[in-house]
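*Asks:* test case, fold it:
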Amino acid sequence: MLRMRYLIEQLFLNKRAISRWLIFFLAGMIIIDLIAMLADCIQIKLYYLSLHGTEITRRMLIENEFRQNRVGLAQLGFLFMTAIFFLLWLYHAYKNLRLFKIEDTSFSPQWAVLSYFIPGLNFYLPYQSMCELWQASHSTALSRNEWKKVAVPRFILGWWLLFVIAMMVELFSWKIILKGETIHELSIHGAIWFVSNLFEIIAIVLLISVVRRINLQQREKFRRLSALENK
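*Replies:* Alright, predicted model coming up:
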């Protein structure tokens, strides 16, 4: 019994460490996105300066390209690390459901992670898995089937919609920048990228809230189930 409790506590400790790193990189993404939005504003400003007769020199264009490339690389690096820790967190969060003796979920820990990589289905399955994780983790649902009646908050849908929209807008903006040769085309790209970063920041804030709440619900559920077993 003590051995089992020790293993359970280690699983929670591992997920807690992963959660801290995940939130760290999510917060870093917010900062990088804010910097990117500032860079986008500078890029848009070049277009308006050209409209008012200001000569846009080659040096200004090179500096703009250098700035956008550096910010883009930083965003890509933080996105890569965030994705790794998010998938690790998701895997462990689903694995914890087995500790609550919940075995009739539609997603396994592995399937919840793989759902993000299936073309077409990854527009819906990740949202479905997050909803299921929220329900099964809720501290008020202590029986095996009671969790299915737990209501899913709307901000989870808001997180997923904003995330998908941000990704679609980014893909659209890349098509423009690859063809962009004039200052006008670059300004359009800057405006689109600005909107994408804004949506992404809101989605990240919502995701941080989702991660923290699920962590709290799982810890509270474990405490309540342990108390019931000890009676």
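
*Asks:* any low-confidence regions in this structure?
*Replies:* With pLDDT under 70 as the threshold, the chain has low-confidence stretches at 1-14, 173-186, 229-231.

*Asks:* what is the longest helix of it by residue count?
*Replies:* Among the segments of the chain that qualify as a helix by DSSP state H, the longest is helix 2-51.

*Asks:* which SS class is the residue in the chain sticking out farthest from the centre?
*Replies:* Distance from the centre of the chain peaks at Gly53, with 42.2 Å (Cα atoms, centre = their mean). Assigned with DSSP: H, G, I helix; E, B strand; the rest coil, Gly53 falls in the coil class.

*Asks:* now the longest helix of the chain, how far from the chain's geometric center?
*Replies:* Centroid separation for helix 2-51 versus its chain: 8 Å, with Cα atoms, centre = their mean, to the nearest Å.

*Asks:* packing partners for that helix?
*Replies:* Counting contacts by 3 or more Cβ pairs under 8 Å, 6 or more residues apart in numbering; DSSP states H and E, helix 2-51 packs against helix 58-99, helix 183-230. Glycine gets a C-beta too; all of them are placed from N, C-alpha and C.

*Asks:* what sits up against stretch 124-136?
*Replies:* Counting contacts by Cβ atoms under 8 Å, 6 or more residues apart in numbering, the residues outside stretch 124-136 that touch it are 90, 93-94, 97, 100, 102, 105-107, 111-112, 115-116, 118, 141, 147-148, 150, 152-153, 156-157, 159-160, 210, 213-214, 217.

*Asks:* also stretch 70-90?
*Replies:* Stretch 70-90 is contacted by residues 15, 18-19, 21-22, 25-26, 28-29, 32-33, 35-36, 39, 109, 112-113, 116, 129, 133, 207, 211 when judged by Cβ under 8 Å, 6+ apart.

*Asks:* let's see 6 Å
*Replies:* Applying Cβ atoms under 6 Å, 6 or more residues apart in numbering, the external contacts of stretch 70-90 come out as 18-19, 21-22, 25-26, 28-29, 32, 35-36, 39, 112-113.

*Asks:* those residues: which two are farthest apart?
*Replies:* Longest distance between any two of the contacts of stretch 70-90 is 35.0 Å, between Ala39 and Ala112; criterion Cβ to Cβ.
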